[in-house]
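> just coords:
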C-alpha cells in the first residue's frame, strides 16, 4: 500500500485556470449565474497528491492581480507549495463549462489566449531543487509556442537531474487548432523523455500514424506495446476506458502496461455523478502515488488510480480532496459510514 513520498517533492508544471460553470442544470447559453472553481490539469494532480500526504510543488505563471491571488491561495489551502509560481504579464486563463446532465453531454469553452502562462517561456531551473518527480501534460504544449518551449525545456532539465517524468497526453484538438500547430512532434519529444505516459489507443494512433482499436484488452495491449517499442525510455502506459450511460451514470475501467506485464482494474459503475471534470487528473495522481513507491507493482498502481478517480466523481469542482484513509477505503470498495 502506497504512502507519502518522503524523498523529495512532486513538481507539477502547467497552467492554473479559473473555471466558470453554468449552475442548476442551465447551459452556458442561458445561465443567469456562474459557479467559480480553481483548476487546471496539472494543478489538479498536485492538489490530489497533496491531500494524500505527498509534498507537492506547483510551477506556473499567474497574473499579478486579484484573480491570480485567488488561484494561488486556493492551491496553498490544499497544501501545495506555491512559492515557485511566478507573476507575469498577461491575463488569467479561464474556461467555461456546461455540465453534463442526463442525456446532455458537457461542453467546455476555453478562453486562455495570451494568458500569463501562455506568454511565459523562461523558468529558473532552480524550481526543480528538492524535487524527485516532474508531472506535465500535453495541454501545456498546446496552449502556445512559448508554453510548449517552457514545458520541453523544464522536462529536459528534469531528466538531466535524474528525475522521473510523467506525461499526460491530454490531447485538446481545439487548443492545437487555435494555436495553428500540429503538435505531434512536440508530443513525441515529451513521450521520448517520459518514464510513464497517461494516454490511450487514440494517443498511440496519433503518435505512430496507425489505427488502433480501444475494444478489448488485447487491442489495448497491442497499442501499448507498439508505443513502448517506439520509445525505449518509456517504461509504462496507463489509461482509462469510459462507457457513458448518461450524464450521471458511467462505467470506467483502467489498465497499465509495461513491456513485461499488464494489469487491469475491476470495472467501476458510477451512478449519481456530481462532477466529471478532473477525474482523469485524479486517476493520474492515484497511479503516481503508488508507482512512485513501487514501479513494479502495476496492479497496485492501476487500483490506486481507479479508486481516486472514482472518488473525484462525487466532488464538485476540479480538485480531488480525498485523504489517504478515504483513498485506501475506496481501493477496498468500502463505502460504509465510519464510526
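Great, that's in hand. Computed from a prediction, not measured in an experiment: that's the story for all the values here.
> Which strands or helices does the helix or strand that contains residue 303 pack on?
Using DSSP states H and E, residue 303 maps to helix 298-312. Packing partners of helix 298-312 (3 or more CB pairs under 8 Å, 6 or more residues apart in numbering; DSSP states H and E): strand 236-246, strand 249-257, strand 262-264, strand 268-271, helix 279-291, helix 324-331. For the C-beta atoms, the positions are set from N, CA and C on the backbone; glycine is no exception.
> need the ones you listed in CSV with distance to residue 189, can you?
Formatted as CSV, these follow (distance: least, CB to CB, whole Å):
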stretch, distance to residue 189
strand 236-246, 17
strand 249-257, 21
strand 262-264, 26
strand 268-271, 34
helix 279-291, 20
helix 324-331, 33
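> Which one of those has the poorest average confidence?
Lowest mean pLDDT within the helices and strands packed on helix 298-312: strand 236-246, a mean of 90.
> what helices or strands is it leaning on?
In terms of contacts (3+ CB pairs under 8 Å, 6+ apart), strand 236-246 is packed against strand 196-198, helix 217-230, strand 249-257, helix 279-291, helix 298-312.
> Any idea how far the helix holding residue 303 is from the middle of the chain?
14 Å (CA atoms, centre = their mean, to the nearest Å).
> as a whole number, average confidence for that helix?
pLDDT averaged over helix 298-312 gives 97.
> Stretch 174-181 now?
In this model, stretch 174-181 has a mean pLDDT of 85.
> and the helices and strands packed on strand 236-246, which is most packed in?
The highest mean neighbour count among the helices and strands packed on strand 236-246, using mean count of other CB atoms under 10 Å, belongs to helix 279-291: a mean of 29.
> Does that helix pack against any helices or strands, and if so which?
With contacts taken as 3+ CB pairs under 8 Å, 6+ apart, helix 279-291 sits against helix 41-51, strand 131-137, strand 164-168, strand 196-198, strand 236-246, helix 298-312.
> Reformat the ones you listed as a markdown table; add distance to residue 125.
A markdown table is the format used below for the helices and strands packed on helix 279-291 (distance: least, CB to CB, whole Å):
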| stretch | distance to residue 125 |
| --- | --- |
| helix 41-51 | 18 |
| strand 131-137 | 11 |
| strand 164-168 | 15 |
| strand 196-198 | 22 |
| strand 236-246 | 26 |
| helix 298-312 | 29 |
